[in-house]
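got a predicted structure plus its sequence, pasted below:
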Number of protein chains: 2
Amino acid sequence: MYHNKRSAVSTVPNEDPIRVGFIGLNFSRGWALKTHRPAILQLSSQFVITAVYDENEQMATNTIQQLKLVHATPFSSLELFSSFQHVDMIVVSVQASKQYELLMPLLEFSRRNSNLKYLLIEWAFASNLQQAEKVYQASAIRGLQTVVALQGRKSPYIQRAKELIHENHIGGINSIEISCNACWYGYERPRKFADGMFEMGSGLDLVTTTFGHTMDLLQYITGSYFSKINGLVFNNIPEQMLVDDSGRSMGRTSAKTVPDHLLFHGCLQRGNVPVSCTIKGGKPTKKFTKNFIIDIHGTRGDIKIEGDAGFAEMSNLVLYYSGTRVNDIPIAGANGHPVHPSLDQGKEFMEVYHLRNYDAVHGNIFRLYQSIADFHFNTKNIPRLPSQFIMQGFEFEGFPTLMDGLIIRRLIDSVYKSNLIGATLDVSHILQFPSSI
Amino acid sequence: MYHNKRSAVSTVPNEDPIRVGFIGLNFSRGWALKTHRPAILQLSSQFVITAVYDENEQMATNTIQQLKLVHATPFSSLELFSSFQHVDMIVVSVQASKQYELLMPLLEFSRRNSNLKYLLIEWAFASNLQQAEKVYQASAIRGLQTVVALQGRKSPYIQRAKELIHENHIGGINSIEISCNACWYGYERPRKFADGMFEMGSGLDLVTTTFGHTMDLLQYITGSYFSKINGLVFNNIPEQMLVDDSGRSMGRTSAKTVPDHLLFHGCLQRGNVPVSCTIKGGKPTKKFTKNFIIDIHGTRGDIKIEGDAGFAEMSNLVLYYSGTRVNDIPIAGANGHPVHPSLDQGKEFMEVYHLRNYDAVHGNIFRLYQSIADFHFNTKNIPRLPSQFIMQGFEFEGFPTLMDGLIIRRLIDSVYKSNLIGATLDVSHILQFPSSI
């Protein structure tokens, strides 16, 4: 398990830490506070927060004081924040629907900050594909090293699955089946969620979130993009029952225009592998199935990844592996001399891989930050490490970039298009760089 | 479990048994010997074999002698066999690819047998849809009561699942996932199987057999046909390794033109229910999945049907049910008086339904014959029982007819068409009777 070895980063730098300017960090609530903040705290030799942006300057000041960000300056002007010279990396941790309106001016204003090198943004980084293409182009022109929080790639289970396949432990891939339960999009929804989440165009529909993250992981694990796909999208639950924080029905419903069900199938370019994927709304727990399952069947072995929540990028998982490997232990031959056995005499291996105390919500984001530091400080002493890379693709090293994210956004767009026009689509072009650059 | 009650037929008739003329019965081998013969033996007051057809008359004579069919006459002329007056029911138990050439002249010749009432034929009753439509039309014009061996409908597990849904024990159906392993179409195949089985047009490809039987069961259980479907068909294994009777590789391969993989999804007309179905060739046993799974998720409960072989119509299964039913036991109210609870206070029910010693290979065929006898002798004393019925549809009583089979053949044809033209197809028309009749 070479690729899951602990990063050397924690023992390193005598260099200056990466100075982080933050959009979306709030002292009292939110995803950034819950996940990005602990990651930066744990990597305090590598990262330091030097700027906090909030429309409301008092809020930015409060966040800095409450979180004791002693090196940070508050900003309520996006222009001043974006051009602030004491920032090497900007993190934009806001909902998908709000990212485009922030990112486009930010990229323009940031030209005045010659120190700025990194831009880390949350999935899905835009409300739709058109916006996503524009964000990609603007950042490419700006020349920043982008990082997209498709953090599931950093999950140890995903890394292990990729490694098992990469090292040929299951042979060729015969077929793949995926099933996820996207609980928020079913018959009930917690009242605490904003109505906008359940309206098309929010960038938070189950195709963009659950399917998007899951397909990024699948492509990453298998090392292949899709050649053709078909999707059927359902909205069978146009009204959801609101439930309170204890899960009790509040007796009133709210409209939902986002889908509650996706049926997807297609084949991978590499090996023409059949892939089936269903994403279900409805009840959060079915009695006889797990809420997250990836079954990968190979010619010489199988991998199963299971989880209790439909969101692999932020839930702890279990990986099961079974396969036949070449037996490299010499066995006794007829005359007593050792004999090196052939593949046919391979041994059957079984593995259950589970980190009982792994906190995936924090852990995957932590490992994403770790990979940025590994790159920045070249802690792994990789010779001739490039100063920037356009995409991670299927490499173990590095982190997903906007180009990796754009490929998924195009796949998502193809799914909706396939559903709309009732066609199986050739998607082998989604890897292309935008022609306008 | 009303519908699974034992048939009353075994206690009945003082009437003459149904006289059976058989095509495909051989004293030494074959499906008819293995399954039809024991069924008729167990129902010896209801059925008697009076004619056996074989191209080779000596073979027909030998079969009659060896199986001690004391009332049977041998035939080598299809014309004489088909017009033999001492036959009420003809059974054609031959491979799909040989049925059309037998059935078309048989139906014509049989006009001279005014006693002939029933025609029982094996799935898939033709090599392709065009032939299937012609067989249907010829039999409809001839006015026979057809029976198609889609015997999975008679499986006690299928009946139980249908009953649970029919009696509303899982509420509305939210979604369905199906996964089957069609082992013969993978990397290896037993040399004992004829090469023709693995050539397109044999009517024995996995779409026609595994998918066909399974979809017939699904539609029967749910009481709905499909409104739209999409299929992707793969032949990733164009050469199969031949293995001997012990499963050892023979070191040589044979060509395969039939598919090894089907990805199918669609939605049911009733409730717009999303259905996903994958049929895999490849290894007969995956380590972490069952070879046959139907998962039905409802608003108030779930049903899971599992089996060790991808062929539900001839394997023993296990049915799991979990759901909330209205609690009909009064509970104590605040003042000590009994209160009849509402649906919200329903109890959770669990059921594992498994008949440990059920032999599905024989059992389902036996139950098919039983249902013919039930109809013929009206053992259930159904008032105004029609003398003939065109299709079983979704009724518990009766048996699948050629019209039921034709609907599945049309679905199969739509899957291949969907794959070929790359389109999601509207299939709501497949229920129509042929316009030429």
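Yep, that arrived.

quick one: A:Asp245 and B:Ile372, what's the gap?
A:Asp245 sits 59 Å away from B:Ile372, going by Cβ to Cβ, to the nearest Å. (Glycine included, C-beta is placed from N, CA and C.)

likewise A:Ser414?
From A:Ser414 to B:Ile372 the distance is 50 Å (Cβ to Cβ).

please apply the same query to A:Ser371.
From A:Ser371 over to B:Ile372 the distance is 68 Å, taken as Cβ to Cβ.

ok, A:Arg384 next?
In this view, A:Arg384 and B:Ile372 are 78 Å apart by Cβ to Cβ.

wait, what's in contact with the closest residue in space to A:Val273 that isn't next to it in sequence?
Leaving out its chain neighbours, the residue that sits closest to A:Val273 by Cβ to Cβ, 6 or more residues apart in numbering or on different chains is A:Ile173, at 4.8 Å. By Cβ atoms under 8 Å, 6 or more residues apart in numbering or on different chains, the contact set of A:Ile173 is A:165, A:222, A:268, A:271, A:273, A:296-299.

A:Ala312 contacts A:Gly212, doesn't it?
No. Here A:Ala312 does not reach A:Gly212: they are 11.3 Å apart, not a contact under Cβ atoms under 8 Å.

out of the contacts of A:Ile173, which are inside helices?
Using DSSP state H, the members of these that fall in helices are A:165, A:222.

which residue ranges of the stretch 51-200 of chain A form helices?
Under the criterion DSSP state H, counting those that start in this stretch, the stretch 51-200 of chain A contains helices at A:57-66, A:78-82, A:96-109, A:129-142, A:156-166.

can I get the ones you listed in a markdown table including distance to chain B, mean pLDDT and mean neighbour count?
What follows is those, written out as a markdown table (distance: least, Cβ to the nearest Cβ, whole Å; pLDDT from 0 to 100; neighbours: other Cβ atoms under 10 Å in any protein chain shown):
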| stretch | distance to chain B | mean pLDDT | mean neighbour count |
| --- | --- | --- | --- |
| helix A:57-66 | 42 | 98 | 17 |
| helix A:78-82 | 43 | 98 | 19 |
| helix A:96-109 | 25 | 96 | 19 |
| helix A:129-142 | 21 | 95 | 18 |
| helix A:156-166 | 13 | 96 | 21 |
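
tabulate these (a markdown table), appending distance to A:Arg409.
Output for the helices of the stretch 51-200 of chain A, formatted as a markdown table (distance: least, Cβ to Cβ, whole Å):
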| stretch | distance to A:Arg409 |
| --- | --- |
| helix A:57-66 | 30 |
| helix A:78-82 | 24 |
| helix A:96-109 | 10 |
| helix A:129-142 | 4 |
| helix A:156-166 | 20 |
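
tell me what A:Ile121 is bridged to.
Per DSSP bridges, the residues bridged to A:Ile121 are A:Val92, A:Val148.

buried set for stretch A:358-371?
Applying a neighbour-count criterion of 16 or more other Cβ atoms under 10 Å in any protein chain shown, one finds A:360-371 buried in stretch A:358-371.

before we move on, what about stretch A:20-34?
Within stretch A:20-34, the residues scored as buried using 16+ other Cβ under 10 Å are A:20-27, A:30-33.

run through the residues of the stretch 201-350 of chain A sitting next to chain B.
Neighbours of chain B within the stretch 201-350 of chain A, by Cβ under 8 Å from any Cβ of the partner chain: A:228, A:230, A:232, A:234, A:236, A:261, A:263-267, A:271-276, A:278, A:280, A:282-283, A:286-289, A:295, A:297, A:299, A:301-302, A:304, A:320, A:322.

give me the buried entries from those residues.
Buried among those by 16+ other Cβ under 10 Å: A:228, A:230, A:232, A:234, A:236, A:261, A:263-267, A:273-276, A:278, A:280, A:282-283, A:286-289, A:295, A:297, A:299, A:301-302, A:304, A:320, A:322.

take these and keep only those in helices.
In helices, judged by DSSP H, none of those are found.

now do the strands in the stretch 251-400 of chain A.
A:261-268, A:274-280, A:292-298, A:301-307, A:317-325, A:331-332, A:338-339, A:347-353 (DSSP state E, counting those that start in this stretch).

wait, what's in contact with the residue nearest to A:Phe292 when sequence neighbours are not counted?
Leaving aside its chain neighbours, A:Phe292 sits nearest to A:Gly307 (3.6 Å; criterion: Cβ to Cβ, 6+ apart). Counting by Cβ under 8 Å, 6+ apart, A:Gly307 touches A:290-293, A:315-318.
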